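Engineer: Any chance you could fold what I've pasted below:
(one chain, ligands or ions: 2)
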Amino acid sequence: MIHSDAFVLEIISSFFVKIIIEEPQMPAFGQHLGEVCQLGSVIFLKGTLGMGKTTLSRALVQGLGWQGKVKSPTYTLVEQYDLANSVVFHFDLYRLADPEELEFLGIRDFDAQRGLWLVEWPEKGVGLLPSADLVIELSECESADARQVTISAHSSRGESQLKSLRNRMPEAI
Ligand SMILES: Nc1ncnc2c1ncn2[C@@H]1O[C@H](COP(=O)(O)OP(=O)(O)O)[C@@H](O)[C@H]1O
Ligand SMILES: [Mg+2]
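Structural biologist: Numbers count the residues shown, from 1 in each chain. Ligands and ions are numbered 1, 2, ... in the order given. Now for the predicted structure:
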């Protein structure tokens, strides 16, 4: 359970929440997010360089039990993690020059329904990515080691995942 001082959470609607997360709380947040999404979800991670997209992805993958390193897929474009209950595809499309390059990665062979997709810089893959269940946007806030994190649901699956996530933070609601 997340303790009451861990997050400041604001419920805007059933499909949009805003949270302030400090750096030491990222592992717990990532773990909760992974647990509610592990059976399948497409999560777009937005925000400028250094906002914490990779930090959150790492927290999620390690929270699902991955013991090894979680590298930024800056050069490989995608890293795959085979976990006990799910497979996570972690994309970083920052260096993608043309969405067609995703074809060479075999993106059409990945099973969108089966895995949990984490996509940094989804704007670069327009047209070839599956649509998002959740869009998470990280941005600056007053404190240098905190981030404003907005989570919006874009499908009924995303909405129920967001609801489950909120249920894990009852003291903040
Ligand atoms: N609350 C926070 N959440 C995530 N990262 C944070 C936070 N506060 C500070 N940081 C720092 O910001 C940087 C985020 O880097 P990274 O996760 O690689 O960003 P991105 O993938 O968005 O470019 C790291 O150096 C991390 O230590
Ligand atoms: Mg990154």
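Engineer: Around ligand 1, which positions in this protein sit nearby?
Structural biologist: 21-23, 26, 47, 49-55, 120, 145-147 (C-beta under 6 Å from any ligand atom). C-beta here means a position set from N, CA and C on the backbone, and glycine is covered the same way.
Engineer: Show me which of those are buried.
Structural biologist: I21, E22, M26, G47, M51, G52, K53, T54, T55, E120, A146, R147 (16 or more other C-beta atoms under 10 Å).
Engineer: Looking at those residues, which is nearest L105?
Structural biologist: Ranked by distance to L105 (C-beta to C-beta), those are led by E120 at 14.5 Å.
Engineer: how about the residues of this protein near ligand 2?
Structural biologist: K53, T54, E120 (C-beta under 5 Å from the ion).
Engineer: need these in CSV with pLDDT and secondary structure, can you?
Structural biologist: What follows is the residues of the chain next to ligand 2, written out as CSV (pLDDT from 0 to 100; DSSP: H, G, I helix; E, B strand; the rest coil):
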residue, pLDDT, secondary structure
K53, 98, helix
T54, 98, helix
E120, 98, strand
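Engineer: Out of those, which comes closest to ligand 2?
Structural biologist: Nearest to ligand 2 out of the residues of the chain next to ligand 2 is T54 (C-beta to the ion; 3.4 Å).
Engineer: Next up, phi/psi of the closest residue to E101 other than its chain neighbours, please.
Structural biologist: Counting by C-beta to C-beta, 6 or more residues apart in numbering, E101 lies nearest to L77, which is 7.5 Å off, once chain neighbours are set aside. Main-chain torsions, L77, degrees, to the nearest 10: phi 70, psi -40.
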